[in-house]
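Asks: Just to be clear, the model below is a prediction. Sequence and coordinates:
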Amino acid sequence: MQELKRYRVYDLLKKDSGYLVDSQINVKGWVRTRRGNKNVAFIALNDGSHIHSIQVVVDVKAFGDDELLRNITTGSCISVNGRLVESQGKGQTLEIQASDIHLYGTADPEKYPLQKKGHTLEFLRDIAHLRPRTNTFGAVFRIRHALSYAIHKFFNDNGFFYLHTPIITASDAEGAGAMFRVTTLDPKNLPLNEKGEVDYSKDFFGRETNLTVSGQLEGELGALALSNIYTFGPTFRAENSNTSRHLSEFWMIEPEMAFYDINDNMDLAETFLKYLVAYLLENCLDDLEFLQKMYDGELLGRLQSIVDSRFERLTYTRAIDILERSGHKFEFPVKWGVDLQSEHERYLVEKEFKCPVILTDYPREIKAFYMKQNDDGKTVRAMDVLFPKIGEIIGGSQREEDFDKLSNRINEMGVPREDMWWYLETRKFGTAPHSGFGLGFERLMLFVTGMGNIRDVIPFPRTPQNASF
Ligand code: 4AD
Ligand code: MG
């Protein structure tokens with residue numbers, strides 16, 4: 001086969017590709033469909049660079065290799081040389097008149113799981129090794145990439161430094177107590193101490209270690225030196241929650257800023273989320289339009305409304321009051337002091353305010369030890385950002401910078417003090433007011449794609465009883 005310059009399908013379908021018309025080019029990709037008759041074959045070829053496929057037209061008689069054409073079935077992988085021409089047919093602008101085709105790999109139509117269209121998302125989860133080849137997952141993963149890029153771009157353009165916090169930790173940042181243990185000890189032959197307990201001094205790190213639930217505590221060390229930092233990495237939670245919004249392994253973006261109070265923190269969260277949504281509307285429109293057509297007819301309107309709206313800000317106490325007076329029957333009853341469920345959050349966002357909501361000043365009993373304590377002795381300077389269809393998308397706070405208050409709270413809540421000495425030292429040496437938050441990357445992906453289940457916005461979901469692939 002003659003060596004010709006290879007173009008991605010994206011390069012051929014974008015608006016300014018007209019100069020390539022009539023030239024001899026090469027494209028490579030996977031066959032989505034092949035149809036036609038004994039005179040002409042139409043192959044829809046996709047290489048994952050674009051939601052649309054390029055049409056390859058083969059003049060069967062002139063081509064002369066029936067055996068090869070027969071093997072070009074859905075899922076097979078080919079390389080095509082040919083002339084790029086204006087399309088005669090409807091639905092596409094340019095197509096390729098094939099002169100030469102090389103078949104890299106066949107896909108037996110009797111066995112290829114994606115032979116037919118219209119599989120359910122549940123079925124596709126069981127073939128996570130092949131689902132990136134569907135239009136849906138191609139779109140989702142391209143958006144996932146664009147969103148990651150936009151996150152780094154936003155922070156870089158605004159003077160934040162990307163800090164890599166550890167994945168293996170010895171502390172429990174959220175006090176949630178649901179962590180995955182990291183160990184090299186042999187479960188069949190555990191070293192024991194005199195009390196008959198497992199002797200972790202014999203373990204790999206000489207102590208108990210876990211996968212991190214959040215990069216925040218280490219992020220704070222960065223902010224108290226570099227002023228503005230962010231982390232963006234995988235976090236792990238061993239809660240047994242099998243919902244459409246929880247993963248055992250998810251990615252979190254955590255900015256942490258010295259000299260920010262809770263209002264600065266809310267301003268940043270709102271600006272950040274609007275920037276990200278606007279970035280996708282500008283750069284991923286083809287994929288978003290596809291998802292709107294297939295899954296969520298109101299997607300683009302909802303995204304635009306985020307960019308245009310002002311996030312409503314109110315205290316937890318006022319929110320409870322609204323929920324109590326609403327007359328709405330909730331599955332989980334509300335009263336001051338309870339942790340809000342997503343049904344409550346969504347009521348506030350979707351029914352009461354009809355825009356994103358930021359709740360502040362939660363009861364201290366339901367929040368982590370590090371949050372700044374208010375003078376009322378009952379609440380802390382927490383802030384949660386609530387989104388339509390999702391509920392909580394961001395959790396954050398102003399941090400307690402006072403050594404004594406933080407130290408007392410650590411004791412009260414039974415946080416293992418010996419594990420926290422380094423964290424406490426930042427309040428001893430040059431402490432500063434500071435704030436930060438955590439954005440759940442897959443929660444935002446759910447929102448921007450309009451997908452209904454968090455398992456469908458990450459390439460390889462980890463949930464209870466599921467870590468295949
Ligand atoms: O509210 P969370 O637990 O806050 C923290 O971890 C803080 N240390 C963040 C900070 O202040 N730096 O989690 C933050 C966000 C949630 O709002 C949610 O979007 C997401 O992380 N999240 C999950 N996403 C998917 N699956 C789970 N199991 C999640 N748990 C939290
Ligand atoms: Mg939270």
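Replies: Right, received. Where do you want to start? Numbers count the residues shown, from 1 in each chain. Ligands and ions are numbered 1, 2, ... in the order given.
Asks: burial of residue 117, as a residue count?
Replies: Counted with other CB atoms under 10 Å, residues neighbouring residue 117 total 10. The C-beta positions use only the backbone N, C-alpha and C, and glycine is treated the same way.
Asks: Next, the contact list for it, please.
Replies: By CB atoms under 8 Å, 6 or more residues apart in numbering, the contact list for residue 117 is empty.
Asks: Please confirm that it is located within a helix.
Replies: No. Residue 117: not assigned to a helix; according to DSSP: H, G, I helix; E, B strand; the rest coil it is coil.
Asks: For the stretch 101-250 of the chain, what lies in contact range of ligand 1?
Replies: 173-174, 214, 216, 237, 246-247, 250 (CB under 6 Å from any ligand atom).
Asks: ok, the residue positioned nearest the centre of the chain to ligand 1 distance?
Replies: When CA atoms, centre = their mean is applied to the chain, the residue found nearest the centroid is residue 442 (2.9 Å). According to CB to the nearest ligand atom, to the nearest Å, residue 442 and ligand 1 sit 5 Å apart.
Asks: In strands, which of the residues of the stretch 101-250 of the chain next to ligand 1 appear?
Replies: Assigned to strands by DSSP state E, the following of these qualify: residue 250.
Asks: just the helices in the chain please.
Replies: Here the chain has its helices, by DSSP state H, at 9-13, 60-63, 66-71, 121-125, 135-157, 216-226, 262-283, 285-294, 299-308, 316-325, 342-346, 403-412, 421-428, 441-449.
Asks: Could you list the low-confidence segments of the stretch 251-400 of the chain?
Replies: Along the stretch 251-400 of the chain, the model assigns pLDDT under 70 to no residue.
Asks: for ligand 1, what are the nearby residues on it?
Replies: 252, 254, 392-396.
Asks: Sitting in strands, which of the residues you listed do you find?
Replies: Counting by DSSP E, those place 252, 254, 392-396 in strands.
Asks: Top of the residues of the stretch 101-250 of the chain next to ligand 1 by number of neighbours, please.
Replies: Most neighbours among these, by other CB under 10 Å: residue 216, with 27 neighbours.
Asks: still on that earlier bit, which two among the ones in strands among the residues of the stretch 251-400 of the chain next to ligand 1 are spaced furthest apart?
Replies: 254 and 392 (14.8 Å; CB to CB).
Asks: Comparing those two, which residue is more hemmed in?
Replies: residue 254 (26 against 18).
Asks: How about the contacts made by the more buried one?
Replies: Counting by CB under 8 Å, 6+ apart, residue 254 touches 214-216, 219, 230-232, 436-439.
Asks: repeat for residue 369
Replies: So residue 369 contacts 175, 406, 409-410, 413, 415 (CB under 8 Å, 6+ apart).
Asks: Just the closest of these to residue 118, please.
Replies: Distances from residue 118 to the contacts of residue 369, taken by CB to CB, are shortest for residue 175, at 45.8 Å.
Asks: From the residues of the stretch 251-400 of the chain next to ligand 1, pick the one nearest residue 104.
Replies: The closest of these to residue 104 turns out to be residue 252 (CB to CB; 38.6 Å).
Asks: Let me know how buried the closest one is, in neighbour terms.
Replies: Using other CB under 10 Å: residue 252 sits among 23 other residues.
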